[in-house]
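Enquirer: any chance you can model this:
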Amino acid sequence: MSEQIIAHLRPKAVAERTFAKGEHLFHRDDPVRALFVVTSGCVNLVRHQADGSPAVLQRSTPGTVLAEASVFSERYHCHAVATMETEALLVPAVEVRRLLQRDLSFATKWLAHLSQELQSARKRSEIASLRTVGARLDAWIAWNDGMLPTKGEWRHLADEIGVSPEALYREISKRRRSGCRDFRSGS
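Expert: Just a heads-up that it's a prediction; the model follows:
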């Protein structure tokens, strides 16, 4: 997210909160009163499927606004769960709407950000439509300049492409054993 957007939102914050790992910032169907600017840690937006398995819709890290699409919604459409200790600024949704109405520069930057998020959501949707772990990993790698994240981030990658961490580890191991050099690893 643009530092310029964060610079507009920071003075509008009414609180800064710390969330423990596993703590919910909000639940599905809670009223939207604030947007959260993540300043440290990580938060996943999660929706549970009919079989109970989680689908990660967004992974918010420092410098991002969590659930920014909810600024015009009455209720949140998913859960927000801290994946580690996380700090976030709470910015009233009404203040964000005021900025959008009154500040053309902010509104333009906000629209550009939402456009990028839409492109990312479409990529994640396309990845999720692929049947095999290998195909999902190939697509993710193609969209990320051929770079596999560091080993410590593989669990997050598994969440992002909608596979179990174990299935992802097996796929990476299989590729390494076969001498596959079609991706660079940050590990």
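Enquirer: make it CA atoms for all contacts and neighbour counts henceforth
Expert: Fine.
Enquirer: what's the domain layout of this structure?
Expert: Structural domains assigned to the chain are 3-103, 130-185, following automatic domain parsing.
Enquirer: and among the ones you listed, the most buried is which?
Expert: Here the criterion is mean neighbour count by mean count of other Cα atoms under 10 Å, and of the domains of the chain the winner is domain 3-103, at a mean of 17.
Enquirer: start and end of that one, how far apart?
Expert: Using Cα to Cα, to the nearest Å, the span of domain 3-103 from its first residue to its last is 16 Å.
Enquirer: could you give me the average pLDDT of it?
Expert: For domain 3-103, the mean per-residue pLDDT is 93.
Enquirer: please name the bridge partners of V46.
Expert: Taking DSSP bridges, one finds V56, H79 as the beta-bridge partners of V46.
Enquirer: list the contacts for it?
Expert: Contacts of V46 were listed using Cα atoms under 8 Å, 6 or more residues apart in numbering, and they are 54-58, 78-81.
Enquirer: adding distance to Q119, write the domains of the chain out as a markdown table.
Expert: Converted to a markdown table, these look like this (distance: least, Cα to Cα, whole Å):
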| stretch | distance to Q119 |
| --- | --- |
| domain 3-103 | 13 |
| domain 130-185 | 11 |
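Enquirer: which one of these lies nearest to K109?
Expert: For K109, the closest of the domains of the chain is domain 3-103, at 6.8 Å, according to Cα to Cα.
Enquirer: which helix or strand contains the residue nearest the centre of the chain?
Expert: Note on the chain: the residue nearest the mean C-alpha position is R59, at 2.1 Å, using Cα atoms, centre = their mean. Assigning secondary structure by DSSP states H and E places R59 in strand 54-60.
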